[in-house]
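Novice: structure for the following, please:
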Amino acid sequence: MAVKVYVISDPLAINFLVDDDIDGFKEYLESDEYLNFGKPEVFETEQQALAFCAGLGYGANESATPERYPLRSCEEADLPFIEAIENY
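Specialist: Here you go, the predicted structure:
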């Protein structure tokens, strides 16, 4: 099964993701009609998607808010955020 990965780089959106605040995230999407999250990267396997995501975090300061935040369709917790983006 293919795995989609959305890479989020918008700092305000990342704050909602880090806080697991789906309601705030949806409100943020509704408040800004010019947000663009781009198309997802699509991988054939979960292992390929995880390797891609590991590359995104390489060298990042783990104690700071990330500059790029991956949402993966293989992660149950990410699915509401992905659905919100796809319905945006």
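
Novice: mind listing the strands for the protein?
Specialist: Under the criterion DSSP state E, the chain carries strands at the ranges 3-8, 41-43, 69-72.

Novice: now what about the second one, what contacts it?
Specialist: Under the contact criterion C-beta atoms under 8 Å, 6 or more residues apart in numbering, strand 41-43 has outside partners 2-7, 49, 52. For every residue, glycine as well, the C-beta is placed using N, CA and C.

Novice: can I get the strands of the chain in CSV including mean pLDDT and distance to residue 32?
Specialist: Shown next, in CSV, are the strands of the chain (pLDDT from 0 to 100; distance: least, C-beta to C-beta, whole Å):
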stretch, mean pLDDT, distance to residue 32
strand 3-8, 96, 14
strand 41-43, 97, 23
strand 69-72, 95, 17
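
Novice: and those, which is most packed in?
Specialist: Mean neighbour counts were taken over the strands of the chain using mean count of other C-beta atoms under 10 Å, and the top value, a mean of 22, falls to strand 69-72.

Novice: export that one as CSV, just CAs?
Specialist: What follows is strand 69-72, C-alpha atoms only, in CSV (Å, rounded to 0.1, in the frame of the first residue of the first chain):
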residue,chain,number,x,y,z
TYR,A,69,7.2,18.3,10.0
PRO,A,70,6.2,15.2,8.1
LEU,A,71,2.7,13.8,8.2
ARG,A,72,2.5,10.2,7.1
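
Novice: next one: it to chain centre, how far?
Specialist: 3 Å (C-alpha atoms, centre = their mean, to the nearest Å).

Novice: could I get stretch 4-11 in CSV with only the CA atoms?
Specialist: The C-alpha coordinates for stretch 4-11 follow below in CSV (Å, rounded to 0.1, in the frame of the first residue of the first chain):
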residue,chain,number,x,y,z
LYS,A,4,1.8,9.6,1.4
VAL,A,5,4.0,12.0,3.2
TYR,A,6,3.2,15.7,3.5
VAL,A,7,6.1,17.8,4.6
ILE,A,8,4.8,20.8,6.5
SER,A,9,7.1,23.9,6.8
ASP,A,10,4.6,26.6,7.9
PRO,A,11,5.7,27.5,11.5
